[in-house]
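# Requesting a structural model of the entry that follows:
(2 chains)
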2 protein chains.
Amino acid sequence: MLPSPGGADLYVLLRYHLGWVDTSGRPAESPISQGKAIRPTLCLFACEALEEHLSKALPAAAALELIHNFSLIHDDIQDRDRERRHQPTVWSLWGVPKALVSGNAMQSAGDLAMLETVRLGVSPETTLKVSHLLTQSYLEMIQGQCLDLAYESRTSVTADEYLDMIAQKTGSLIRGSLEIGALLATDDPASVAAFSRFGSCLGRAFQIRDDFLGVWGNEATTGKAAGNDIRRRKKSFPVVFALEQATGNARNDLLQIYQREQLGEDDVERVLAVLDEVGAQAHSQRLTEASAEEALKAIGSISLPHWAMEEAESLVDFVAKREY
Amino acid sequence: MLPSPGGADLYVLLRYHLGWVDTSGRPAESPISQGKAIRPTLCLFACEALEEHLSKALPAAAALELIHNFSLIHDDIQDRDRERRHQPTVWSLWGVPKALVSGNAMQSAGDLAMLETVRLGVSPETTLKVSHLLTQSYLEMIQGQCLDLAYESRTSVTADEYLDMIAQKTGSLIRGSLEIGALLATDDPASVAAFSRFGSCLGRAFQIRDDFLGVWGNEATTGKAAGNDIRRRKKSFPVVFALEQATGNARNDLLQIYQREQLGEDDVERVLAVLDEVGAQAHSQRLTEASAEEALKAIGSISLPHWAMEEAESLVDFVAKREY
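Reported below is the predicted structural model:
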């Protein structure tokens, strides 16, 4: 295990997680994946689409990325994941106590960034509103994570329950990003509501595509072995769908395999075969694309500049078809 | 391990930790220790002492207690402590992932409570200021926790380094509680500064007394076995002091014992004997009382109602002499 960082060195763990430095705090030499930065992108996009300028949303964008990364550091502890973005995770290098603390520090840094919004000419009222929205969004995210943990130990989860869970776990911060960006640009409730709806649909598309990649993704692009989520007995959307659709032997096999402590490669193969049988792959992608379309419809209900609709389309297209 | 809580059931873990309900969420029958509530008490005290009313500080007081308890839930995970306030800890009942998540939820609940301040007729500017102060205080607390972890793996830590570390780990939230209470009552910088200084000294007195109780406390009142901090090789103030003062065999024994993976009862006895030799018990209590006196001097520099000075005296007296 790496030596304990002292007071200020705590931030080395944060910078390392963000892909900026190596484990000793030196600037990372080779380009390291720093994630997709979906949430700040969405926040800046909403603000710019409604008001032409995005500068007011910069602290919020930073805050959202920090909060998202705080949740990743803690997720890795919970899931005992040793690798993320092709790099060893914080807890696997420095141990659980320090990873836990550095996640909390990342969150506080995010909260502080959000409160800085007031310095950019945004009113204290609006700054309070977006701070409140950020905190509420990640409280909802936490509730979703908790439901996710609860579902792991349940035999069966309906597709509706699952979609409700991911609306909280993934959807809330994505929706929050767009609502915050919109609120920083306008007081018009219809515009904020349109971006909120856009976020809900986009969040669903994003998570279902994530679940898709967790089963049928390519290791070279996702950084995770194909079938990884099956191997870890994750009840992601394709499996939830299969549990609803499969009958007879297929269903029994699925239930039995998911009750084992550890899965062998033949178990993984069998699960993949059942998913095939019920058409889980095509159904998952259909749901992703339907949600993506719904997202565009929501944003199409208000008047936005031409460039913004084009950007929204390519953004939605990326989310629905991404390979990583 | 207890069954996983679902979405809303997450709050059972929070209420349980706070001593309000049992593990199944039913109101606790026998009175359960709910902690000393030092931070909210200090916050309300500062507000009332400066402005006669404390109602404006109620959300802040709740926030401070929630933030403090969030840090306790995470501390118990870090230290693998199975008991707190005579009850099993959250992680020991529900496992690390759920404890981690419930700590984060407790923190968010605290942040949200603080943002509610604006609803009580406090200006958005002041609400932002106290939210900022709260976040900064616990970021400093986190930095202190991190230093504490780093010191655990170092052979020797000077008393000055140690005092600086506890000023962050314990002092920052206690100081923050008083600053927040003062800021909600007045804009006068001298008054806020006096309460801030009061908090710094009180925080030191509080932690050194805590360290005292960790070594020489009574299990019946503290809920922890006497010598507990020695058994866990904690470098608390008495040990740091002894490492600075002891020479020859005494110092060598101390260093050797603190390098062992696990301590036997004879090791604990030997450490206690060395502490005795250098007068660590008397010195620790002297430092607590000197800090307590300094705290009163700080608050005595501004004009406060008679009742407030009396309250301050009994508060300081409690902190310096408490048995739990």
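# tell me the phi and psi of the residue lying closest to residue A:83 once chain neighbours are set aside?
Excluding the flanking residues, the one nearest residue A:83 by C-beta to C-beta, 6 or more residues apart in numbering or on different chains is residue A:89, at 6.4 Å. Every residue, glycine included, has its C-beta placed from N, CA and C. Residue A:89 adopts backbone torsions of phi -80, psi 160, taken as degrees, to the nearest 10.
# For the helix or strand bottoming out on mean pLDDT in chain A, buried residues please.
Lowest mean confidence among the helices and strands of chain A (mean pLDDT, DSSP states H and E): helix A:219-222, at a mean of 76. Neighbour-count burial for helix A:219-222, with 16 or more other C-beta atoms under 10 Å in any protein chain shown as criterion, is recorded at residue A:222.
# Name the residues that touch it?
Outside helix A:219-222, the residues that touch it by C-beta atoms under 8 Å, 6 or more residues apart in numbering or on different chains are A:213-214, A:225-226, A:323-324.
# Taking the residues you listed together, which two end up most distant?
A:225 and A:323 (14.8 Å; C-beta to C-beta).
# Tabulate the CA atom coordinates of the least confident helix or strand of chain A in PDB.
Output of helix A:219-222 as PDB, limited to C-alpha atoms (Å, rounded to 0.1, in the frame of the first residue of the first chain):
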ATOM      1  CA  GLU A 219     -13.000  -4.500 -23.400                       C
ATOM      2  CA  ALA A 220     -10.700  -2.300 -25.500                       C
ATOM      3  CA  THR A 221     -13.100   0.600 -25.400                       C
ATOM      4  CA  THR A 222     -14.900   0.200 -22.100                       C
END
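# Quick one: name whatever helix or strand follows that helix.
Per DSSP states H and E, the first helix or strand lying C-terminal to helix A:219-222 is helix A:228-231.
# In chain A, where is pLDDT below threshold?
A:1-8, A:31-33, A:223 (pLDDT under 70).
# Quick check, central residue of it?
By C-alpha atoms, centre = their mean, chain A has its centre lying nearest to residue A:170, at 5.0 Å.
# That residue touches residue A:208, doesn't it?
No: with contacts counted by C-beta atoms under 8 Å, residue A:170 stays clear of residue A:208, the gap being 9.5 Å.
# residue ranges for the helices of the stretch 101-250 of chain A, please.
A:124-152, A:159-166, A:172-185, A:189-216, A:219-222, A:228-231, A:237-245, A:248-257 (DSSP state H, counting those that start in this stretch).
# out of the contacts of helix A:219-222, who has the most neighbours?
residue A:214 (22 neighbours; other C-beta atoms under 10 Å in any protein chain shown).
# quick one, what contacts the nearest residue to that residue once chain neighbours are set aside?
Of all residues not flanking residue A:214 in the chain, residue A:229 sits nearest, at 3.5 Å (C-beta to C-beta, 6+ apart). By C-beta under 8 Å, 6+ apart, the contact list for residue A:229 reads A:211, A:214-215, A:236, A:239.
# ditto for residue A:201
A:291-292, A:294-295, A:298.
# how about TSV for these, with distance to chain B, neighbour count and secondary structure added?
Formatted as TSV, the contacts of residue A:201 follow (distance: C-beta to the nearest C-beta, whole Å; neighbours: other C-beta atoms under 10 Å in any protein chain shown; DSSP: H, G, I helix; E, B strand; the rest coil):
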residue	distance to chain B	neighbour count	secondary structure
A:291	22	23	helix
A:292	26	25	helix
A:294	24	17	helix
A:295	24	27	helix
A:298	25	20	helix
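# Number of residues surrounding whichever residue of the stretch 201-324 of chain A sits closest to chain B?
Of all residues in the stretch 201-324 of chain A, residue A:235 sits closest to chain B, at 12.6 Å by C-beta to the nearest C-beta. Residue A:235 has 21 neighbouring residues, counting by other C-beta under 10 Å.
# how about the strands in the stretch 1-150 of chain A?
A:83-84, A:87-88 (DSSP state E, counting those that start in this stretch).
# Quick check: neighbours of the first one in the sheet, parallel or antiparallel?
Sheet partners assigned to strand A:83-84 using DSSP bridges are listed as strand A:87-88 (antiparallel).
# so how far is the partner strand off the chain centroid?
19 Å (C-alpha atoms, centre = their mean, to the nearest Å).
# hang on, the earlier thing: dump the strands of the stretch 1-150 of chain A to TSV, plus mean neighbour count.
Output for these, formatted as TSV (neighbours: other C-beta atoms under 10 Å in any protein chain shown):
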stretch	mean neighbour count
strand A:83-84	16
strand A:87-88	18
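# In the stretch 101-250 of chain A, which residue sits nearest chain B?
Counting by C-beta to the nearest C-beta, the stretch 101-250 of chain A gets nearest chain B through residue A:124, at 3.6 Å.
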